[in-house]
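build me a model:
(chains A and B)
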Amino acid sequence: DIQMTQSPSSLSASIGDRVTITCRASQSIGIYLNWYQQKPGKSPKLLIYGASSLQSGVPSRFSGSGSGTDFTLTISSLQPEDFATYYCQQSSVMSVTFGPGTEVHIK
Amino acid sequence: QMQLQESGPGLVKPSETLSLTCSVFGGSVSSSSDYWGWLRQPPGKGLEWIATIYFSGSTFYNSSLKSRVTISVDTSKNQFSLNVASVTAADTAVYYCARRSSNVAFDNWGQGTLVTVSS
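Predicted coordinates for the structure are as follows:
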């Protein structure tokens, strides 16, 4: 199975900050990398698919980049509603795997 | 607007079989561009993919669960289902059903249902 890692595991940031979360795959996955946001008690929400494509309805402050094994999710200006846990997920094979998540807290 | 809804028992005894159904509204499980999946999240932990199915019956399983899991689809009812056999406390989790669309991501999720394994 393809293993996914994320860093940091958690971070504290202020409103308006630029936030970057990284995700690494144990082998090349091309651009088959998706990002999800999950708030407590809620289902995950797709933010980015194909490494850099913004899902419909997702604010443009979210962006994704990368290919191969290294990927990044960036929030350009953190808003109050962005405090959540973020997961990366590889979809290069049908046996998909998720990263362990990054919790974004209020500083 | 497509909606997915999980249903099934919230409490299952150890060694028994966990059975869940996902009903799809505002869309069709027979769509040629979509796959349908089950995922779970133990309390306080991360997301784990369980299985995916295509309307034709093609199935894909997490290798760590494959021996105990069965996913199926009922196109006449516009539903797909999950069975997990021989459950233990480690199978306690919120179970989600989701659509894997042509963008190769799970873009539509059910609200999730908590299943507790306990005697």
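
contacts, neighbours, all on C-alpha from now
Noted.

B:S15: neighbour count?
Applying other CA atoms under 10 Å in any protein chain shown, we find 15 residues neighbouring B:S15.

low pLDDT regions in the chain?
In the absence of a named chain, chain A is used. Along chain A, the model assigns pLDDT under 70 to no residue.

you answered for a different chain; I wanted chain B.
Scanning chain B for pLDDT under 70 picks out no residues.

export stretch A:83-95 to CSV, keeping only CA atoms.
Output of stretch A:83-95 as CSV, limited to C-alpha atoms (Å, rounded to 0.1, in the frame of the first residue of the first chain):
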residue,chain,number,x,y,z
PHE,A,83,-10.0,25.9,11.8
ALA,A,84,-10.4,22.2,11.2
THR,A,85,-8.4,19.1,10.4
TYR,A,86,-7.0,18.6,6.9
TYR,A,87,-6.3,15.3,5.3
CYS,A,88,-4.5,14.4,2.1
GLN,A,89,-5.5,11.3,0.2
GLN,A,90,-3.9,9.5,-2.7
SER,A,91,-6.1,8.1,-5.5
SER,A,92,-3.5,6.8,-7.9
VAL,A,93,-4.7,3.3,-7.3
MET,A,94,-8.2,2.1,-6.3
SER,A,95,-6.8,1.1,-2.9
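
show me which parts of that stretch are buried, residue by residue.
For stretch A:83-95, the neighbour count (16 or more other CA atoms under 10 Å in any protein chain shown) marks A:83-92, A:95 as buried.
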